[in-house]
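# Starting from these lines, generate the structure:
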Amino acid sequence: MAQLEIYQSIWGMEELPWKSSTPWSHEEQIDRIAEAGFDGAEIDFVDMDEARAFSRLAIDRGLRIRALCFPETIGELSEVLETVAEVGAEHVNNINVLPMAQPLTIAECVPILEGFRDLADDAGVEMHVETHRASMTNDLLFTVQLLDAVPWMNLTADLSHYVVARQFPWPIDDTSEQYVQRILARAVAFHGRVATSSQVQVSLGFPQNKQWLDLFAGWWKAGFRQFRDRAPGDARLTFTAELGPPGWFYAITGPDGLELSDRWAEALLLKDLARELWASLDEEPAEIQG
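All right, here's what the predicted structure looks like:
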């Protein structure tokens with residue numbers, strides 16, 4: 001049976017704990033992730049020395065790794081894969097590629113993605129392509145066309161960027177919903193973040209955001225269901241809690257510059273929610289599961 005693995009973003013551990021003047025050290029960040037029951041850590045493979053250090057800490061604690069990278073050219077992915085080999089590809093679930101090249105046409109995108117795929121295949125590492133702002137997959141409609149042109153491409157679905165970029169109305173219109181479903185049909189991983197039409201990351205416990213949390217939970221569950229319906233029995237879907245710090249304009253702050261809610265507590269909420277959504281699929285009637 002397909003499995004769900006829950007990861008915590010190392011980037012999402014920056015500037016934690018909440019309201020503390022002393023941030024967690026790298027060791028403390030990894031310790032918190034392991035102690036909280038996450039299956040692994042998503043580590044940025046940008047500064048390779050730092051990636052190696054975090055990877056060693058994660059492996060020592062029995063955590064698996066998702067390697068997040070931002071290549072603009074095919075060649076830039078080579079260094080990432082070399083570092084993956086150094087830390088041990090057997091510890092790396094997949095590489096999560098944010099393709100930073102932004103050609104104007106689908107035809108220009110295809111050879112870049114094929115180059116990424118070929119390098120990953122040669123390295124024996126599974127590759128996902130993330131839907132993300134300021135990248136090749138920035139626009140929802142463009143990405144849907146890209147999926148038609150690249151039928152082998154598997155996605156890490158971060159739907160928060162599309163909700164903001166296209167300023168989804170409330171309630172969500174049928175056309176937008178249909179496009180989101182096209183993304184879900186190709187998703188093999190998810191980034192956990194809840195957005196509204198005007199903010200890419202909102203506090204999960206605020207009552208005014210509940211309708212958006214429910215919306216994203218429904219999308220995630222639908223994506224989980226579709227993955228289980230089409231994936232082989234030994235497949236693993238990854239869900240990463242990726243709540244960014246305020247320095248990146250993700251977490252919302254008050255006039256004192258402090259975050260309005262506890263981002264770590266919300267990461268734990270996302271972890272538990274993802275597991276609940278996955279488990280709830282076992283309770284559905286067989287005809288709904290397909």
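
# got the buried residues for the strand or helix carrying E86?
Element membership for E86, per DSSP states H and E: helix 74-87. Buried residues in helix 74-87, counted by 16 or more other Cβ atoms under 10 Å: 74, 77, 80-81, 83-84, 87. (Each C-beta comes from the backbone N, C-alpha and C, glycine too.)

# could I get the residues you listed as a markdown table with pLDDT and distance to S135?
Formatted as a markdown table, the buried residues of helix 74-87 follow (pLDDT from 0 to 100; distance: Cβ to Cβ, whole Å):
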| residue | pLDDT | distance to S135 |
| --- | --- | --- |
| I74 | 97 | 15 |
| L77 | 98 | 14 |
| V80 | 98 | 15 |
| L81 | 98 | 19 |
| T83 | 98 | 21 |
| V84 | 98 | 20 |
| V87 | 97 | 25 |
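
# Pick out whichever of these sits closest to G254.
V80 (37.4 Å; Cβ to Cβ).

# Export only the CA atoms of stretch 21-31, formatted as CSV.
Presented in CSV, the C-alpha positions along stretch 21-31 are these (Å, rounded to 0.1, in the frame of the first residue of the first chain):
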residue,chain,number,x,y,z
SER,A,21,15.6,36.2,21.4
THR,A,22,17.7,33.0,21.0
PRO,A,23,17.0,31.0,17.9
TRP,A,24,17.4,27.2,17.9
SER,A,25,20.8,26.0,16.7
HIS,A,26,21.0,23.7,13.7
GLU,A,27,21.2,20.7,16.1
GLU,A,28,18.2,21.9,18.0
GLN,A,29,16.2,22.4,14.9
ILE,A,30,16.9,18.8,13.8
ASP,A,31,16.2,17.5,17.3
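
# And the contacts of that stretch?
10, 13-17, 32, 41, 53-54, 57-58, 61, 63 (Cβ atoms under 8 Å, 6 or more residues apart in numbering).

# Tell me the buried residues in it?
Quick answer for stretch 21-31 (16+ other Cβ under 10 Å): 24, 29-30.

# Just put those in TSV and tack on distance to V194.
Listed next are the buried residues of stretch 21-31 as TSV, based on distance: Cβ to Cβ, whole Å:
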residue	distance to V194
W24	24
Q29	22
I30	25
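
# which residues of the stretch 151-290 of the chain fall in helices?
For the stretch 151-290 of the chain, applying DSSP state H, counting those that start in this stretch gives helices covering 160-165, 174-184, 210-230, 263-280, 286-289.

# Can you spell out which helices and strands pack onto the helix holding E86?
Contacts defined by 3 or more Cβ pairs under 8 Å, 6 or more residues apart in numbering; DSSP states H and E place helix 74-87 against helix 48-60, strand 64-69, strand 92-97, helix 106-123.

# Nearest to the spatial middle of the protein, which residue is it?
The centre of the chain sits closest to H191, judged by Cα atoms, centre = their mean, with a distance of 2.6 Å.

# beta partners for it?
Beta bridges link H191 to T240 when assigned by DSSP bridges.

# Enumerate every residue touching it.
H191 neighbours (Cβ under 8 Å, 6+ apart): 9, 130, 156-158, 160, 240, 242.

# Which one (most neighbours) among the residues you listed?
T240 (28 neighbours; other Cβ atoms under 10 Å).

# okay, and for the stretch 151-290 of the chain, where does confidence drop off?
For the stretch 151-290 of the chain, applying pLDDT under 70 flags the ranges 286-290.

# hang on, the earlier thing: from the buried residues of helix 74-87, which single one is nearest D122?
Nearest to D122 out of the buried residues of helix 74-87 is L81 (Cβ to Cβ; 8.1 Å).

# Not counting residues beside it along the chain, what's closest to that closest one?
A123 (4.4 Å; Cβ to Cβ, 6 or more residues apart in numbering).

# sorry, back to before: identify the farthest-apart pair in the contacts of H191.
S9 and A157 (15.0 Å).

# what sits against the residue lying closest to L268 once chain neighbours are set aside?
Spatially, and ignoring its direct neighbours in sequence, L268 is nearest to A36 (5.9 Å; Cβ to Cβ, 6+ apart). With contact set as Cβ under 8 Å, 6+ apart, A36 has these partners: 8, 268, 271.

# Q181: what's it in contact with?
Q181 neighbours (Cβ under 8 Å, 6+ apart): A222.

# Return the set of buried residues in stretch 237-252.
Those would be 237-246, 250-251, for stretch 237-252 by 16+ other Cβ under 10 Å.
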